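# The amino acid sequence is not available; the structure is as follows:
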């Protein structure tokens, strides 16, 4: 008879309180899809300060965390409002140090992936060819060259390992132990989790062990790499969760105007983050009709027969 799995479930409030501390390096990953927005909002509510935030595609949730006064340093390979405009708070800080400067460290997408890989594999650096001809090494002194040890004298670029204090990801589902399943568009969730000292997974739903075991190949992150499992339905909004709800394109289009104006941004933060006790209240405030507009229909995959010994 199998041993019972450990139960790592907790509230989002408790998980952020336990694993995110002032001054930490916090990775928030999810590429367009499954962005851990609810976790970012809870970090703001809890008033975390002086964070180094790592996010390959720094977007609305990073802009909001900047507006919440949480972020001292940003490590990223893209900044922007996902093809829908700009990030007003980020631009003010980078361009005018208003209301405070932001230390910004830039890599390419693949360069940041390589940093996660080096961190996950506990390597001292990770080599890559793609910085040849790039201007990035001129602005980022941590992008360096080493000589191949195999006698041909080749010079190759390397990047340092990245080991966040905590990585936070969003996913469709996990069991209570933390076996995490994702489908649809994926990013570097697994690499970012394995690189970190601690990891939180926020999910649309916590499911029985049998559900995960019925489709094991969909498990992107295994339980032993996860420290907390948090069920937060619709916790990726305004991004989407494949099979659960669609992307809120209207919000993305509206964000540029909101964040461009300091007063509008402050009012939005006061109403939607500081003015809500948690993400459940945020979801309820948007209303049933709103969520009906983001509903998705079924697009079921074919069943898979994994087989078993008789």
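Thanks, I have it. Since we're looking at a predicted model, the values are computed, not measured. Numbering: from 1, shown residues only.

# residue contacts, residue 255?
Going by CB atoms under 8 Å, 6 or more residues apart in numbering, residue 255 touches 60, 63, 81, 84-85, 87. C-beta coordinates here come from the backbone N, C-alpha and C atoms, glycine included.

# if we go to 6 Å?
60, 81 (CB atoms under 6 Å, 6 or more residues apart in numbering).

# mean confidence for the helix or strand it falls within?
If you go by DSSP states H and E, residue 255 is part of helix 249-260. Averaging pLDDT along helix 249-260 gives 96.

# nearest residue to residue 139 other than its sequence neighbours?
residue 106 (6.7 Å; CB to CB, 6 or more residues apart in numbering).

# Now the phi/psi pair for the one you found, please.
Dihedral angles of residue 106 (phi, psi; degrees, to the nearest 10) stand at phi -110, psi 140.

# Tell me how many other residues crowd it.
By the criterion of other CB atoms under 10 Å, residue 106 has 16 neighbours.

# Could you report the pLDDT at it?
97.

# same deal with the one 10 residues further on?
Looking at residue 116, its pLDDT stands at 98.

# how about it, secondary structure?
For residue 116, the assignment made with DSSP: H, G, I helix; E, B strand; the rest coil gives helix.

# now the helices for this structure?
Taking DSSP state H as the test, the helices found in the chain are 12-19, 37-45, 60-67, 88-96, 109-120, 136-139, 189-195, 209-213, 249-260, 262-272, 279-286, 288-293.

# Which one, of the ones you listed, ends up nearest to residue 29?
The minimum distance between residue 29 and the helices of the chain falls on helix 189-195, with 4.4 Å, by CB to CB.

# for the closest one, the distance to its chain's centre please.
10 Å (CA atoms, centre = their mean, to the nearest Å).

# do stretch 52-59 as well
That offset, for stretch 52-59, works out to 8 Å (CA atoms, centre = their mean).

# I'd like the average pLDDT over it.
In this model, stretch 52-59 has an average pLDDT of 97.

# about what we covered before: for the residue nearest to residue 139, give its distance to residue 137.
For residue 106, the distance to residue 137 equals 11 Å [CB to CB, to the nearest Å].

# Adding distance to residue 169, write the helices of the chain out as JSON lines.
Below are those laid out as JSON lines (distance: least, CB to CB, whole Å):
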{"stretch": "helix 12-19", "distance to residue 169": "12"}
{"stretch": "helix 37-45", "distance to residue 169": "9"}
{"stretch": "helix 60-67", "distance to residue 169": "13"}
{"stretch": "helix 88-96", "distance to residue 169": "22"}
{"stretch": "helix 109-120", "distance to residue 169": "12"}
{"stretch": "helix 136-139", "distance to residue 169": "26"}
{"stretch": "helix 189-195", "distance to residue 169": "4"}
{"stretch": "helix 209-213", "distance to residue 169": "16"}
{"stretch": "helix 249-260", "distance to residue 169": "21"}
{"stretch": "helix 262-272", "distance to residue 169": "22"}
{"stretch": "helix 279-286", "distance to residue 169": "16"}
{"stretch": "helix 288-293", "distance to residue 169": "23"}
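
# Indicate which one of these is closest to residue 148.
When those are compared for distance to residue 148 using CB to CB, the nearest one is helix 109-120, at 16.6 Å.

# and the closest one, what does it pack onto?
If you count contacts as 3 or more CB pairs under 6 Å, 6 or more residues apart in numbering; DSSP states H and E, helix 109-120 packs onto strand 126-128, strand 155-159, helix 189-195.

# looking at the ones you listed, which is buried most?
With neighbours taken as mean count of other CB atoms under 10 Å, the helices and strands packed on helix 109-120 reach their highest mean count in helix 189-195, at a mean of 25.

# Next one, pLDDT for residue 85 please.
Looking at residue 85, the pLDDT reads 88.

# surely it meets residue 258?
No: the pair residue 85 / residue 258 is not scored as a contact, 10.0 Å apart, by CB atoms under 6 Å.

# about what we covered before: and the helices and strands packed on helix 109-120 as JSON lines, adding mean pLDDT and distance to residue 289?
Formatted as JSON lines, those follow (pLDDT from 0 to 100; distance: least, CB to CB, whole Å):
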{"stretch": "strand 126-128", "mean pLDDT": "97", "distance to residue 289": "48"}
{"stretch": "strand 155-159", "mean pLDDT": "96", "distance to residue 289": "47"}
{"stretch": "helix 189-195", "mean pLDDT": "98", "distance to residue 289": "32"}
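
# Relative to residue 251, tell me which of those wins on proximity.
With CB to CB, the closest approach to residue 251 among the helices and strands packed on helix 109-120 belongs to helix 189-195: 22.8 Å.

# what sits opposite the residue nearest to residue 139 in the beta ladder?
Judged by DSSP bridges, the bridge partners of residue 106 are residue 76.
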